[in-house]
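[1] Just to be clear, the model below is a prediction. Sequence and coordinates:
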Amino acid sequence: MSPVTSLLQDHDPEAYGARSTESDQLVVLHGVDWRTYGALRELIDSPGVRMTYLEGALEIMSPSRRHEHEKKTIARMIEIFALDRDFPLRGYGSTTFKREARERGLEPDECYCVDHELADAPDIALEIVITSGGINKLAVYRGLGVKEVWIFREGRFQIYTLQDEQYRLIEASALVPGLDFAAMEELVKISDQHAAVKAFRDRLR
C-alpha cells in the first residue's frame, strides 16, 4: 500500500482541521508522483485542506483557526488599501496553481494580480506561517514565476521579490507601493477582526 493510499484511508479532512485552533496540522509525504498529486488534489477538494507539491514531496496541511484569522484580517486590510487608493488589485484567493514541467503546485493563502486578469500565476502571493517543518514555499513559487511573496511569520512580514530566478528580501513591496506592512503587523494582533480592519482604514485617512 502506498503512503498516499494509507493517508487517504486514515484521513478525515474535517476532523483533521478541527484538532487545534492555534497550530496548523500538516504531514509531508515523499516519493509522490505528479499524477498521484493531481488525483489527490481533485479527490480532497476542500477549503480546509491545502496541498503543496515540490518535486515528489507532498505537504497536506489543514490550517488552524489562528491561521485563517490572520490570513483573512491581512487580506481585508490589503483590499481596503487598494479600494481607498483606487489601486487596481485583483484578488484570486486560494486558487490552485500547478506547473507540471517544474513539478510544482500549491494554493496560496491569498493571491493578487496588479491591473490584469489572472493567467498562469499571480503577481503576489500571501503566505501565513504558523507551524514550521513543511515544504519550502519559496522554492515552489520560484518555479511558478510569482513576482512577490509576502510571508507573515511570528507577527512579522518578510517581503520577497523575484530577481534573476532567485527571491531577495526587500523593505517594501514594489508592486503595491505605499502599503503599510508595519501597520498591518500591529493591527492583526487585535482579536476583533472588524475593529482591526476599521482601525487600518482610519489610518489611511
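    Thanks, I have it.

[2] CA only for contacts and neighbour counts going forward, please
    OK.

[3] Mind listing what's buried along the helix or strand hosting F200?
    Secondary-structure assignment from DSSP states H and E places F200 in helix 193-203. Applying a neighbour-count criterion of 16 or more other C-alpha atoms under 10 Å, the buried positions in helix 193-203 are Q193, A196, V197, A199, F200.

[4] Where in this structure is the helix or strand with the lowest mean pLDDT?
    Taking mean pLDDT, DSSP states H and E as the measure, the helix or strand of the chain with the lowest value is helix 13-17, at a mean of 40.

[5] Show me what the helix or strand following that one pairs with in its sheet, parallel or antiparallel.
    Next along the chain after helix 13-17, taking DSSP H and E as the criterion, comes strand 25-29. With DSSP bridges as the test, strand 25-29 is paired with strand 57-62 (antiparallel).

[6] which residues are contacting the partner strand?
    Outside strand 57-62, the residues within contact range by C-alpha atoms under 8 Å, 6 or more residues apart in numbering are 13, 16-17, 24-32, 37, 48-53, 134-135.

[7] Generate a ChimeraX selection restricted to the buried entries among those.
    The buried residues among these can be selected in ChimeraX (16+ other C-alpha under 10 Å) with this line:
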select :13,16,17,24,25,26,32,37,48,49,50,51,52,53,134,135
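
[8] hey, which strand is longest across the protein?
    strand 156-163 (DSSP state E).

[9] got the buried residues for that strand?
    Buried residues in strand 156-163, counted by 16+ other C-alpha under 10 Å: F157, Q158, I159, Y160, T161, L162.

[10] Check which strands are paired with that strand and give the direction for each one.
    Applying DSSP bridges, strand 156-163 is found paired with strand 148-153 (antiparallel), strand 166-170 (antiparallel).

[11] Strand 148-153 and the helix or strand encompassing E70, what's the angle between them?
    Assigning secondary structure by DSSP H and E places E70 in helix 65-84. Helix 65-84 and strand 148-153 meet at an angle of 140 degrees, taking axes from the mean of the first three to the mean of the last three C-alpha atoms, to 10 degrees as the criterion.

[12] Now the element after helix 65-84, going C-ward?
    Remark: after helix 65-84, the chain's next helix or strand is strand 89-91, criterion DSSP H and E.
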